[in-house]
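>>> Let's see this in three dimensions:
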Amino acid sequence: MNTGIKKKNAHTTRDGYAYLTKRTVIRKAKSAGRLAALRAMRTMGFVITIERGWVVKKHEDGRVEKISRIIR
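Residues are numbered from 1 along each chain as shown. Got it, this is the predicted structure:
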């Protein structure tokens, strides 16, 4: 049965509603996280993050200060 409605692109259903794929959501979330980290670094001069089992404080000048080990 042909309804005469065609899909506009790969992320639009036949009735015209857009949907998100898991890949799109992950890509946008990572991009937003990177942008937020850059803005925080500019504003505060440091960012606190997780790296190789440690909570670390990364400074604007490149120094990395270990704060606490993560216990599993």
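>>> can you tell me the helix or strand for the residue minimising distance to the centre of the chain?
Centrality entry for the chain: nearest residue to the mean C-alpha point is K30, 1.8 Å, by Cα atoms, centre = their mean. Here K30 sits within helix 22-44, counting by DSSP states H and E.
>>> How about the next helix or strand after that helix, which residues are buried there?
Proceeding N to C from helix 22-44, the next assigned helix or strand is strand 46-51, under DSSP H and E. For strand 46-51, burial by neighbour count (16 or more other Cβ atoms under 10 Å) applies to 46-47. Placement of C-beta: from N, CA and C, glycine included.
>>> follow-up on the earlier one: the helix holding K30 - contacts with which helices or strands?
strand 46-51 (3 or more Cβ pairs under 8 Å, 6 or more residues apart in numbering; DSSP states H and E).
>>> Can you list the strands that the strand it packs on pairs with?
Applying DSSP bridges, strand 46-51 is found paired with strand 54-59 (antiparallel).
>>> next SSE after the partner strand?
strand 64-69.
>>> who's in contact with stretch 50-67?
41, 45-49, 68-70 (Cβ atoms under 8 Å, 6 or more residues apart in numbering).
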